[in-house]
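Trainee: Here is a sequence together with a model predicted from it:
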Amino acid sequence: FAQNANQYPTPTGGEINKALEVLPTGRILPDSPLYFLITFKEFFSRLFQPSAAQRAEFDFVLSGKRLKEAYLIQGIGKDKIASDNLIKYQKRLTIMLKQLEKARSQNQDITKQIKKISDDFAYHQTLLLAINARYDDISGNVDFAINGFLDALEEVDKINPGIKDRYKIFKSKDILESSPSVDLKPSPTTSPFPLVSTPSARPRRIIY
(Lines give C-alpha, C1' and ligand atoms only; values in the text may rest on other atoms or scores of the structure.)
Protein backbone atom coordinates (compact mmCIF):
# COMPACT_ATOMS: atom_id res chain seq x y z
CA PHE A 1 0.00 0.00 0.00
CA ALA A 2 1.11 3.53 -0.76
CA GLN A 3 1.28 6.25 1.84
CA ASN A 4 2.95 9.55 2.59
CA ALA A 5 5.24 9.82 5.61
CA ASN A 6 2.51 11.59 7.58
CA GLN A 7 -0.48 9.44 6.58
CA TYR A 8 -2.04 6.11 7.29
CA PRO A 9 -3.25 4.10 4.28
CA THR A 10 -6.82 4.58 3.04
CA PRO A 11 -9.16 1.56 2.75
CA THR A 12 -11.06 0.79 -0.43
CA GLY A 13 -14.81 1.19 -0.81
CA GLY A 14 -15.20 -2.57 -0.83
CA GLU A 15 -13.32 -2.91 2.46
CA ILE A 16 -15.47 -0.23 4.07
CA ASN A 17 -18.72 -1.83 2.87
CA LYS A 18 -17.60 -5.20 4.24
CA ALA A 19 -16.80 -3.68 7.64
CA LEU A 20 -20.19 -1.95 7.76
CA GLU A 21 -21.87 -5.23 6.86
CA VAL A 22 -20.10 -7.26 9.55
CA LEU A 23 -20.00 -4.86 12.51
CA PRO A 24 -23.39 -4.58 14.23
CA THR A 25 -25.22 -1.42 15.18
CA GLY A 26 -28.68 -0.45 16.33
CA ARG A 27 -31.33 1.21 14.21
CA ILE A 28 -31.02 4.31 16.39
CA LEU A 29 -27.90 6.43 15.98
CA PRO A 30 -26.38 8.65 18.71
CA ASP A 31 -27.97 11.81 17.30
CA SER A 32 -31.45 10.49 18.13
CA PRO A 33 -33.22 11.56 21.36
CA LEU A 34 -34.15 7.88 21.78
CA TYR A 35 -30.55 6.72 21.77
CA PHE A 36 -30.58 6.37 25.56
CA LEU A 37 -32.74 3.27 25.05
CA ILE A 38 -29.80 1.61 23.29
CA THR A 39 -27.34 2.34 26.08
CA PHE A 40 -29.93 1.33 28.69
CA LYS A 41 -30.42 -2.05 27.01
CA GLU A 42 -26.66 -2.57 26.63
CA PHE A 43 -26.04 -1.80 30.30
CA PHE A 44 -28.49 -4.41 31.55
CA SER A 45 -27.52 -6.97 28.91
CA ARG A 46 -23.94 -6.76 30.11
CA LEU A 47 -25.00 -7.37 33.71
CA PHE A 48 -26.35 -10.77 32.69
CA GLN A 49 -23.13 -11.97 31.05
CA PRO A 50 -22.18 -14.94 33.28
CA SER A 51 -18.38 -14.77 33.07
CA ALA A 52 -15.47 -12.41 32.49
CA ALA A 53 -14.76 -14.14 29.17
CA GLN A 54 -18.30 -13.48 27.94
CA ARG A 55 -18.22 -9.91 29.24
CA ALA A 56 -14.99 -9.39 27.31
CA GLU A 57 -16.69 -10.59 24.12
CA PHE A 58 -19.72 -8.41 24.84
CA ASP A 59 -17.48 -5.38 25.42
CA PHE A 60 -15.68 -6.06 22.16
CA VAL A 61 -19.00 -6.12 20.28
CA LEU A 62 -19.94 -2.82 21.94
CA SER A 63 -16.65 -1.27 20.89
CA GLY A 64 -17.42 -2.20 17.28
CA LYS A 65 -20.86 -0.64 17.60
CA ARG A 66 -19.39 2.64 18.88
CA LEU A 67 -16.91 2.71 16.02
CA LYS A 68 -19.51 1.98 13.35
CA GLU A 69 -21.79 4.65 14.85
CA ALA A 70 -18.88 7.11 14.70
CA TYR A 71 -18.35 6.38 11.02
CA LEU A 72 -22.04 6.66 10.14
CA ILE A 73 -22.67 9.80 12.17
CA GLN A 74 -19.53 11.43 10.80
CA GLY A 75 -20.87 10.71 7.33
CA ILE A 76 -23.82 13.03 7.92
CA GLY A 77 -21.62 15.84 9.22
CA LYS A 78 -22.12 15.47 12.98
CA ASP A 79 -18.46 15.54 13.91
CA LYS A 80 -18.90 16.32 17.61
CA ILE A 81 -21.01 13.19 18.18
CA ALA A 82 -18.59 11.13 16.09
CA SER A 83 -15.72 12.48 18.18
CA ASP A 84 -17.47 11.49 21.41
CA ASN A 85 -18.07 8.01 20.03
CA LEU A 86 -14.38 7.57 19.29
CA ILE A 87 -13.63 8.21 22.96
CA LYS A 88 -16.27 5.64 23.93
CA TYR A 89 -14.70 3.20 21.49
CA GLN A 90 -11.27 3.51 23.12
CA LYS A 91 -12.71 3.22 26.63
CA ARG A 92 -14.69 0.11 25.73
CA LEU A 93 -11.55 -1.55 24.37
CA THR A 94 -9.82 -0.81 27.67
CA ILE A 95 -12.69 -2.41 29.59
CA MET A 96 -12.53 -5.44 27.28
CA LEU A 97 -8.83 -5.92 28.00
CA LYS A 98 -9.48 -5.84 31.74
CA GLN A 99 -12.12 -8.53 31.36
CA LEU A 100 -9.78 -10.67 29.29
CA GLU A 101 -7.13 -10.40 31.99
CA LYS A 102 -9.69 -11.27 34.66
CA ALA A 103 -10.81 -14.31 32.66
CA ARG A 104 -7.23 -15.48 32.29
CA SER A 105 -6.55 -15.04 36.00
CA GLN A 106 -9.58 -17.26 36.68
CA ASN A 107 -8.38 -19.88 34.16
CA GLN A 108 -11.41 -19.38 31.93
CA ASP A 109 -11.25 -20.60 28.34
CA ILE A 110 -10.99 -17.51 26.11
CA THR A 111 -10.15 -19.28 22.84
CA LYS A 112 -13.48 -18.31 21.26
CA GLN A 113 -13.17 -14.69 22.36
CA ILE A 114 -9.60 -14.29 21.14
CA LYS A 115 -10.50 -15.71 17.72
CA LYS A 116 -13.41 -13.31 17.30
CA ILE A 117 -11.34 -10.33 18.45
CA SER A 118 -8.41 -11.27 16.22
CA ASP A 119 -10.65 -11.63 13.16
CA ASP A 120 -12.97 -8.67 13.68
CA PHE A 121 -10.14 -6.26 14.45
CA ALA A 122 -9.68 -6.15 10.67
CA TYR A 123 -13.04 -4.38 10.37
CA HIS A 124 -12.15 -2.00 13.19
CA GLN A 125 -8.97 -1.13 11.32
CA THR A 126 -10.93 -0.43 8.14
CA LEU A 127 -13.35 2.02 9.77
CA LEU A 128 -10.61 3.74 11.77
CA LEU A 129 -8.63 4.33 8.58
CA ALA A 130 -11.78 5.47 6.75
CA ILE A 131 -12.59 7.98 9.50
CA ASN A 132 -8.99 9.14 9.55
CA ALA A 133 -9.02 9.67 5.77
CA ARG A 134 -12.16 11.83 5.79
CA TYR A 135 -10.83 14.67 7.91
CA ASP A 136 -7.50 15.90 9.25
CA ASP A 137 -8.77 15.38 12.79
CA ILE A 138 -11.90 15.23 14.94
CA SER A 139 -10.89 17.08 18.10
CA GLY A 140 -7.80 14.87 18.36
CA ASN A 141 -9.92 11.81 18.99
CA VAL A 142 -9.09 9.98 15.76
CA ASP A 143 -5.54 9.56 17.03
CA PHE A 144 -6.91 8.67 20.46
CA ALA A 145 -9.03 5.88 18.98
CA ILE A 146 -6.23 4.60 16.74
CA ASN A 147 -3.85 4.44 19.68
CA GLY A 148 -6.47 2.57 21.69
CA PHE A 149 -6.80 0.09 18.85
CA LEU A 150 -3.01 -0.35 18.65
CA ASP A 151 -2.75 -0.86 22.43
CA ALA A 152 -5.50 -3.49 22.36
CA LEU A 153 -3.86 -5.21 19.40
CA GLU A 154 -0.57 -5.34 21.30
CA GLU A 155 -2.27 -6.95 24.32
CA VAL A 156 -4.14 -9.53 22.24
CA ASP A 157 -0.90 -10.30 20.41
CA LYS A 158 0.65 -11.25 23.76
CA ILE A 159 -2.07 -13.88 24.17
CA ASN A 160 -2.04 -15.02 20.54
CA PRO A 161 1.38 -14.03 19.09
CA GLY A 162 1.50 -12.95 15.46
CA ILE A 163 -1.90 -11.26 15.33
CA LYS A 164 -0.58 -7.73 14.97
CA ASP A 165 1.52 -8.70 11.96
CA ARG A 166 -1.71 -9.09 9.97
CA TYR A 167 -2.58 -5.41 10.29
CA LYS A 168 -1.21 -2.74 7.98
CA ILE A 169 -2.06 0.03 10.46
CA PHE A 170 0.57 -1.47 12.73
CA LYS A 171 3.08 -1.49 9.89
CA SER A 172 2.23 2.18 9.27
CA LYS A 173 2.97 2.95 12.90
CA ASP A 174 6.38 1.29 12.63
CA ILE A 175 7.14 3.19 9.41
CA LEU A 176 6.13 6.52 10.93
CA GLU A 177 8.18 5.95 14.08
CA SER A 178 11.26 4.89 12.12
CA SER A 179 11.07 7.70 9.55
CA PRO A 180 13.58 10.56 10.00
CA SER A 181 12.14 13.93 10.94
CA VAL A 182 11.51 16.30 8.04
CA ASP A 183 11.69 20.07 8.08
CA LEU A 184 8.17 21.11 7.09
CA LYS A 185 9.22 24.79 6.64
CA PRO A 186 12.04 24.77 4.05
CA SER A 187 13.94 27.94 3.36
CA PRO A 188 13.16 29.54 -0.04
CA THR A 189 16.91 29.59 -0.71
CA THR A 190 17.29 25.85 -0.24
CA SER A 191 14.05 24.52 -1.74
CA PRO A 192 13.47 24.64 -5.52
CA PHE A 193 9.73 24.10 -5.01
CA PRO A 194 7.21 26.73 -3.84
CA LEU A 195 5.16 25.95 -0.74
CA VAL A 196 1.58 25.45 -1.96
CA SER A 197 -1.33 25.43 0.48
CA THR A 198 -3.30 22.35 -0.51
CA PRO A 199 -5.04 19.67 1.60
CA SER A 200 -2.36 17.15 0.63
CA ALA A 201 0.42 19.53 1.66
CA ARG A 202 -0.90 20.08 5.17
CA PRO A 203 0.87 17.89 7.74
CA ARG A 204 -1.35 15.47 9.60
CA ARG A 205 -0.92 15.18 13.36
CA ILE A 206 -0.24 11.63 14.53
CA ILE A 207 0.01 11.11 18.28
CA TYR A 208 1.87 8.16 19.80
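Mentor: Received it, and whenever you're ready, just let me know what you need.
Trainee: Show me where this structure has its helices.
Mentor: Listed in chain order, the helices of the chain (DSSP state H) span 13-22, 36-47, 52-75, 79-105, 111-134, 141-159, 168-178.
Trainee: Against which helices or strands is the fourth one packed?
Mentor: Using 3 or more Cβ pairs under 8 Å, 6 or more residues apart in numbering; DSSP states H and E as the contact criterion, the secondary-structure elements in contact with helix 79-105 are helix 52-75, helix 111-134, helix 141-159. Placement of C-beta: from N, CA and C, glycine included.
Trainee: Let me know the average pLDDT across that helix.
Mentor: Per-residue pLDDT values over helix 79-105 give a mean of 95.
Trainee: What of the fifth one?
Mentor: The average of the pLDDT scores along helix 111-134 is 93.
Trainee: Buried residues of it, list them for me.
Mentor: When neighbours are counted by 16 or more other Cβ atoms under 10 Å, the buried residues of helix 111-134 are found to be 113-114, 117-118, 120-121, 123-132.
Trainee: Rebuild the helices and strands packed on helix 79-105 as TSV, extending it with distance to Lys41.
Mentor: Compiled in TSV, the helices and strands packed on helix 79-105 are given as follows (distance: least, Cβ to Cβ, whole Å):
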stretch	distance to Lys41
helix 52-75	11
helix 111-134	21
helix 141-159	24
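Trainee: what's the closest of those to Arg27?
Mentor: Distances from Arg27 to each of the helices and strands packed on helix 79-105 were compared by Cβ to Cβ, and the smallest falls on helix 52-75, at 11.4 Å.
Trainee: mind listing what the closest residue to Tyr89 other than its chain neighbours touches?
Mentor: Closest residue to Tyr89 apart from its sequence neighbours, by Cβ to Cβ, 6 or more residues apart in numbering: Arg66 at 4.2 Å. With contacts defined as Cβ atoms under 8 Å, 6 or more residues apart in numbering, Arg66 is in contact with 85-86, 88-89, 92.
Trainee: Please produce JSON lines containing those residues, extended by neighbour count.
Mentor: Shown next, in JSON lines, are the contacts of Arg66 (neighbours: other Cβ atoms under 10 Å):
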{"residue": "Asn85", "neighbour count": "27"}
{"residue": "Leu86", "neighbour count": "28"}
{"residue": "Lys88", "neighbour count": "20"}
{"residue": "Tyr89", "neighbour count": "26"}
{"residue": "Arg92", "neighbour count": "22"}
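Trainee: Which one of the residues you listed is nearest to Ala19?
Mentor: Each of the contacts of Arg66 was scored against Ala19 by Cβ to Cβ, and Tyr89 proved nearest at 13.6 Å.
Trainee: hang on, the closest one packs against Ser63?
Mentor: Yes. Using Cβ atoms under 8 Å, Tyr89 makes contact with Ser63 at a distance of 5.4 Å.
Trainee: Glu42 is in contact with Leu62, isn't it?
Mentor: Yes. Counting by Cβ under 8 Å, Glu42 sits close enough to Leu62 to count as a contact (6.2 Å).
Trainee: Between those two, which has more neighbouring residues?
Mentor: Using other Cβ atoms under 10 Å as the criterion, Glu42 and Leu62 rank with Leu62 on top: 21 against 16.
Trainee: mind checking how far that one is from Lys88?
Mentor: Between Leu62 and Lys88 the computed distance is 9 Å (Cβ to Cβ, to the nearest Å).
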